[in-house]
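Asker: Next come a sequence and a model predicted from it.
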Amino acid sequence: MGLSVDLNADMGESFGEWNLGDDSALLGIVTSANVACGFHAGDPDVMLKTMKMAVDNNVGIGAHPGFDDLRGFGRYRMQVPLPSLANQVRYQVGAAQAMARAAGGEVRHLKLHGALANMCSENQDMARACYEAALSVAPEIIIMVLAATAQQRAVEELGATFVGEIFADRAYNDDATLVDRSKPGAVIHDSAIAGPRIAEMVKAGAIITESGKHIETQIDTICLHGDTPEAVEIARSVRSALEGDGIEVKTFRT
């Protein structure tokens, strides 16, 4: 059997009259959508519209909870007591479930957003608290983890179903965490680099870090950020590079 991989994108990040990203175009390229739940971005109208488009495009729907941080787009590191953080995750997953059903679909997976995701990639107890909270609301949910980090160790400890994710447009440290956005080269903007780079990682079955280190890991899905100006161009480049190397692009199965 040949290689296959899912493509996911963060979307539903507009708010009221303010628009961010080209979700419609991305939904014609990706196979899974991580929809903001109103805490770091999005609102009820945007959630429902985005999920309806996902259903129409046969794209899997995921809840994308983040810190309660609209001003910082969920990218400010926040110190929230774990019981309160767990309730914030439950609240957002519940909202996503309601909107997905109203759109004629279902929430298949969970993916943490921004600073919350980065902190959970470093802190296994924090990741476990978030995942236990999500599972308490949606016991069958598939957890999308930053591959080879504390997120993956937490979900393995829980014995929950998960898929391993790598990023098309982010550079990696040697411990498999993402290079901080404040550092040069942390975000990859050139589609000519992003596509071939990801195809190489999928074929190698490994994260390739900035230093050239190979970290062998399970790669089930590739993230394409929806909030950068070149997002659609990078998405097309990644899909083209994968398919050009004989790698099938399809919604993940577990």
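Answerer: Noted; the coordinates are in hand. Numbering: from 1, shown residues only.
Asker: Would you mark the buried spots in the longest strand seen in the chain?
Answerer: The strand spanning the most residues in the chain, taking DSSP state E as the definition, is strand 4-11. The neighbour-count check on strand 4-11 (16 or more other Cβ atoms under 10 Å) flags 5-11 as buried. Any C-beta I mention is one placed from the backbone N, CA and C, and that applies to glycine too.
Asker: Also stretch 71-79?
Answerer: Applying 16+ other Cβ under 10 Å to stretch 71-79 flags 73-74 as buried.
Asker: Show the average pLDDT along that stretch.
Answerer: Averaged across stretch 71-79, the pLDDT comes to 95.
Asker: go on, stretch 9-25?
Answerer: 92.
Asker: what do you get for stretch 109-123?
Answerer: Here the average pLDDT along stretch 109-123 is 96.
Asker: Dump it to PDB, keeping only the CA atoms.
Answerer: C-alpha atoms of stretch 109-123 as PDB (Å, rounded to 0.1, in the frame of the first residue of the first chain):
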ATOM      1  CA  HIS A 109     -11.000  15.600  15.700                       C
ATOM      2  CA  LEU A 110      -9.500  18.100  18.200                       C
ATOM      3  CA  LYS A 111      -6.500  20.200  17.600                       C
ATOM      4  CA  LEU A 112      -5.200  22.700  20.100                       C
ATOM      5  CA  HIS A 113      -4.300  26.200  18.800                       C
ATOM      6  CA  GLY A 114      -1.400  28.600  19.100                       C
ATOM      7  CA  ALA A 115       0.300  29.200  22.400                       C
ATOM      8  CA  LEU A 116      -1.900  26.600  24.100                       C
ATOM      9  CA  ALA A 117      -0.700  24.000  21.600                       C
ATOM     10  CA  ASN A 118       2.900  25.100  22.000                       C
ATOM     11  CA  MET A 119       2.800  25.000  25.800                       C
ATOM     12  CA  CYS A 120       1.200  21.600  25.700                       C
ATOM     13  CA  SER A 121       3.900  20.400  23.300                       C
ATOM     14  CA  GLU A 122       6.300  21.100  26.200                       C
ATOM     15  CA  ASN A 123       4.200  20.200  29.200                       C
END
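Asker: Would you map the helices across the stretch 151-254 of the chain?
Answerer: For the stretch 151-254 of the chain, the helices defined by DSSP state H, counting those that start in this stretch occupy 191-204, 231-244.
Asker: Quickly compare those helices and say which is most buried.
Answerer: helix 231-244 (a mean of 21; mean count of other Cβ atoms under 10 Å).
Asker: where does the stretch 51-200 of the chain have low pLDDT?
Answerer: Counting by pLDDT under 70, not a single residue of the stretch 51-200 of the chain qualifies.
Asker: So which residues of it form strands?
Answerer: Under the criterion DSSP state E, counting those that start in this stretch, the stretch 51-200 of the chain contains strands at 60-64, 107-110, 142-146, 162-167.
Asker: export those strands to a markdown table and tack on mean neighbour count?
Answerer: As requested, the strands of the stretch 51-200 of the chain are exported to a markdown table (neighbours: other Cβ atoms under 10 Å):
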| stretch | mean neighbour count |
| --- | --- |
| strand 60-64 | 26 |
| strand 107-110 | 25 |
| strand 142-146 | 26 |
| strand 162-167 | 23 |
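Asker: any chance of those strands in JSON lines, with distance to residue 207 too?
Answerer: Shown next, in JSON lines, are those (distance: least, Cβ to Cβ, whole Å):
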{"stretch": "strand 60-64", "distance to residue 207": "21"}
{"stretch": "strand 107-110", "distance to residue 207": "20"}
{"stretch": "strand 142-146", "distance to residue 207": "10"}
{"stretch": "strand 162-167", "distance to residue 207": "6"}
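Asker: The ones you listed: which one's closest to residue 254?
Answerer: Residue 254 lies closest to strand 142-146 among these, at 5.7 Å (Cβ to Cβ).
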